[in-house]
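Asks: need a 3D model of the sequence below.
(4 chains)
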2 protein chains.
Amino acid sequence: METITIKDIAKALGLSTSTVSRALRNSYEINPETKKLVMEYAERMNYRPNPIALSLRDSKSKSIGVIIPEIANHFFSQLINGIESIAYNLGYHVVIFQSHESYEREVANTNYLVSRKVDGLLISLSSLTTNLFHFQDLMERGLPIVFLDRVPNEIETHKVVVNNFSGSYQATEHLIKSGRKRIAHLTSPIYLSITAERLAGYKQALEDNGIAFDESYVKYCYHGGKVVSENETAVQEMLELPEPPDAIFTASDRLTTGCMAVLQKNKIKIPEQIAIVGFTNISVAELLNPPLTAVVQPAMEMGQQAVDLLIRLIEHPQKTNVFETRSLKTSLIIRESSIGKQEI
Amino acid sequence: METITIKDIAKALGLSTSTVSRALRNSYEINPETKKLVMEYAERMNYRPNPIALSLRDSKSKSIGVIIPEIANHFFSQLINGIESIAYNLGYHVVIFQSHESYEREVANTNYLVSRKVDGLLISLSSLTTNLFHFQDLMERGLPIVFLDRVPNEIETHKVVVNNFSGSYQATEHLIKSGRKRIAHLTSPIYLSITAERLAGYKQALEDNGIAFDESYVKYCYHGGKVVSENETAVQEMLELPEPPDAIFTASDRLTTGCMAVLQKNKIKIPEQIAIVGFTNISVAELLNPPLTAVVQPAMEMGQQAVDLLIRLIEHPQKTNVFETRSLKTSLIIRESSIGKQEI
DNA sequence: ATGAAAGCGCTAACAA
DNA sequence: TTGTTAGCGCTTTCAT
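Replies: Reported below is the predicted structural model:
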């Protein structure tokens, strides 16, 4: 894997490495003819600067690290596509890591990315992360970090989220308006920002519509739906309640499909017996049986805004004294899975 | 973002950098007491070697690059999970890039990964790649590459695939056995290995069952299903044939869901009017309307085997004089979308 | 058993 | 306008 270096060019052309270096960066102090000579030769030999050497020198890498729970999930893969689209245009490379909802892996990935000198970090917290020291420490040491979707309250930096409260409120209200009385909520661990906010929206909608909140209708899945059995148990418990729900509002991709699978296994008719609304970006919502009503997040745009903020932070570190939290809108797309009781 | 270096340790302990370096690598020539001193101090200061410096020195990075068409696809995300699981245990990091089915981006990603000194490459070709020079060149220069799933015939190296021919044969035969006569095939560009092999299996099954092959029943999507309109046009053309198909065998995740969407839009009943079998690893096959019959690939295992081969190539470059192509088995999972005509 | 110095590829301060 | 040199963090050869 030999590659041509500045030294090779210098030797071949009888120049010094610094002259070559300067010529390649089109420095004003270099004689146009020398420049031309160097550039043409470099071009011809297909010279590429060694980014490793540059990173070692400058302690930066023109790359940003992304740590998300998992990529096998439409919300997150759209997020990544949004991130890549912007980063790419601004000359940054994107390095993707999955935490697989594990705190340890999140920490390990973080350390690795830092040691690889990424210029900044884009994070969506794992569902098992409660200790934020690994990020706080880095921020204090000056590494730009932007959080998105699953963000920590305890850390002051730019954040990009959706209005989880109102997305959730809308979904719940929609279920109420279509005649549902016992609306359950299947969600992630309570200490995730998205969980708390979505739960709050759900509660508020119930309250505003004169339905008493009942804690036994809320089930938390500590692995965010990744562990199938946990999912199954939760839904099963709902079904075995003295008064089983007539609707379930699920808080994520995994939880939604997991829930539907359990209902299907139990031969429960959707929406006749139980209506479903999912907080999900699943691409085949339309093709499901029945087509799924979904609270959809502008994932692409979230990714784009997050990189945008991050790169601004990277390139103008001093300028930022106040951090912003951008809150985008979700959209409720109504399909058959939550059709009104009266219409059935 | 200051980090402690060997130099810092040396200074603090009144030693030379080389002694510290040796002590940390537990060299036999270092006095046990000095070793202990150094190690404890390093531990206490949370010293971590700078991988960039190591890469610069050794021209390797203990990391492998992965280039796949896209991650928003269950087959590929499972592949990645398989790759990560093994690589992680063997101390390698995995850097993921998407070609988005674009030849240019595939080349750009390749160059970047090489310049970042990855120790090896794991590739699944983009659907628009016909020129393989960028890989051939690297291989000649000694960079280990393993291909998986979408592999090139023209390059001699380890490859991991599934038995596309027989997977396809089985699927087609299954459709025939369940009473279908006009079986269409929706697939990717013909120059992809998987396309050719799946097409061959499809043809052979038709022939063996006395059905004449009809080219007008085969539609190629040059973007592998990524471009929705292309997908739509292809299916629409099938539907407008003088004798429209009574079954469609689709060759990938995207093509399958795209096809189902078009049929749904046209209010065509599956499987009554048209049966569907998809070559797909989509996770919600069971939840679709109707549940989807699928040829499933052991994606995790493919990923695992591929890294295994790659790392072997990286760590014992000389040993390999003969390359192997591992061919794993697909499984046909029959669900309602292809139920027998007689059973409808 | 320990240290000094060179080198991986690149840039920039300083010299000429 | 061009060259020399030092240094980013680390390992390793060659002294000592």
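Asks: so who does residue A:114 touch?
Replies: With contact taken as CB atoms under 8 Å, 6 or more residues apart in numbering or on different chains, residue A:114 is in contact with A:65, A:121, A:138, A:143, B:1. C-beta coordinates here come from the backbone N, C-alpha and C atoms, glycine included.
Asks: same question, residue A:12
Replies: Applying CB under 8 Å, 6+ apart to residue A:12 gives the contacts residue A:41.
Asks: and the residue nearest to residue A:324 when sequence neighbours are not counted, how many neighbours does it have?
Replies: Excluding the flanking residues, the one nearest residue A:324 by CB to CB, 6 or more residues apart in numbering or on different chains is residue A:158, at 5.8 Å. Using other CB atoms under 10 Å in any protein chain shown, residue A:158 has 23 other residues around it.
Asks: what do you get for the one 10 residues further on?
Replies: Taking other CB under 10 Å as the neighbour definition, residue A:168 ends up with a count of 28.
Asks: so which helix or strand takes in it?
Replies: Per DSSP states H and E, residue A:168 falls inside helix A:164-177.
Asks: please apply the same query to residue A:67.
Replies: Going by DSSP H and E, residue A:67 is in strand A:63-68.
Asks: run me through the strand neighbours of that strand, direction for each.
Replies: Partner strands for strand A:63-68, per DSSP bridges, with pairing direction: strand A:93-98 (parallel), strand A:120-123 (parallel).
Asks: so which of those is the most surrounded?
Replies: Highest mean neighbour count of the strands paired with strand A:63-68: strand A:120-123, a mean of 26 (counted as mean count of other CB atoms under 10 Å in any protein chain shown).
Asks: run through who's touching the helix or strand following that strand.
Replies: Per DSSP H and E, the first helix or strand lying C-terminal to strand A:120-123 is helix A:133-140. Defining contact as CB under 8 Å, 6+ apart, one finds that helix A:133-140 is touched by A:106-107, A:110-111, A:114, A:121, A:123, A:145, A:152, A:154-155, A:157, B:1.
Asks: what's the closest of the contacts of residue A:114 to DNA strand D?
Replies: residue B:1 (9.8 Å; CB to the nearest atom of the strand).
Asks: quick one, domains of chain A?
Replies: For chain A, automatic domain parsing gives the domain ranges A:1-48, A:58-162+A:299-328, A:164-297+A:331-343.
Asks: got those as CSV, with mean pLDDT and distance to residue B:54 columns?
Replies: Listed next are the domains of chain A as CSV, based on pLDDT from 0 to 100; distance: least, CB to CB, whole Å:
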stretch, mean pLDDT, distance to residue B:54
domain A:1-48, 92, 16
domain A:58-162+A:299-328, 93, 10
domain A:164-297+A:331-343, 95, 34
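Asks: before we move on, the earlier item: what's next to the helix holding residue A:168, contact-wise?
Replies: Applying CB under 8 Å, 6+ apart, the contact partners of helix A:164-177 are A:183, A:193-194, A:197-202, A:204-206, A:208-209, A:211, A:247, A:249, A:251, A:275, A:277, A:279, A:293, A:295, A:297, A:329-330, A:332, A:334, A:338, A:340.
Asks: gap between it and the chain center?
Replies: Here the centre of helix A:164-177 is set off from its chain's centre by 22 Å, with CA atoms, centre = their mean, to the nearest Å.
Asks: how about it: buried residues?
Replies: Neighbour-count burial for helix A:164-177 flags A:164-176 (criterion: 16 or more other CB atoms under 10 Å in any protein chain shown).
Asks: now do stretch A:250-257
Replies: By 16+ other CB under 10 Å, the buried positions in stretch A:250-257 come out as A:250-257.
Asks: now for the residues you listed, which pair is the farthest apart?
Replies: A:251 and A:257 (12.4 Å; CB to CB).
Asks: hey, what's in contact with both of those two?
Replies: Common contacts of residue A:251 and residue A:257 (CB under 8 Å, 6+ apart): none found.
Asks: can you list the residues of the stretch 151-300 of chain A near chain B?
Replies: Contacts of the stretch 151-300 of chain A with chain B, taken as CB under 8 Å from any CB of the partner chain, map to A:257, A:260-261, A:264, A:282-284, A:286-291.
Asks: next up, the contacts around the closest residue to DNA strand D within the stretch 201-344 of chain A.
Replies: Residue of the stretch 201-344 of chain A nearest DNA strand D, by CB to the nearest atom of the strand: residue A:317 (18.6 Å). Shown in contact with residue A:317 (CB under 8 Å, 6+ apart): A:142, A:144.
Asks: how about residue A:335?
Replies: Taking CB under 8 Å, 6+ apart, we find residue A:335 in contact with A:285-286, A:290-294.
Asks: redo that, cut-off 7 Å
Replies: Listed by CB atoms under 7 Å, 6 or more residues apart in numbering or on different chains, the contact set of residue A:335 reads A:285-286, A:291-293.
Asks: if we take these, which one ends up nearest to residue A:53?
Replies: residue A:285 (48.1 Å).
Asks: now, the buried residues of stretch A:250-257 that are in strands?
Replies: Using DSSP state E, the members of those that fall within strands are residue A:250.
Asks: and the two most separated of the buried residues of helix A:164-177?
Replies: Among these, A:164 and A:176 lie farthest apart (CB to CB), at 18.3 Å.
Asks: mind checking how far residue A:36 is from residue A:26?
Replies: 11 Å (CB to CB, to the nearest Å).
Asks: before we move on, back to that, so which of the domains of chain A comes closest to DNA strand C?
Replies: Checking the domains of chain A against DNA strand C by CB to the nearest atom of the strand gives domain A:1-48 as the closest, at 3.0 Å.
Asks: does that closest one come close to DNA strand D?
Replies: Yes. Counting by CB under 7 Å from any atom of the strand, DNA strand D is contacted by domain A:1-48 at A:14-19, A:22, A:28-31, A:33-34.
Asks: regarding the residue lying closest to residue A:236 once chain neighbours are set aside, what is its secondary structure?
Replies: Sequence neighbours aside, residue A:262 is the residue nearest to residue A:236 in space, at 6.7 Å (criterion: CB to CB, 6+ apart). Of the three states, residue A:262 takes helix under DSSP: H, G, I helix; E, B strand; the rest coil.
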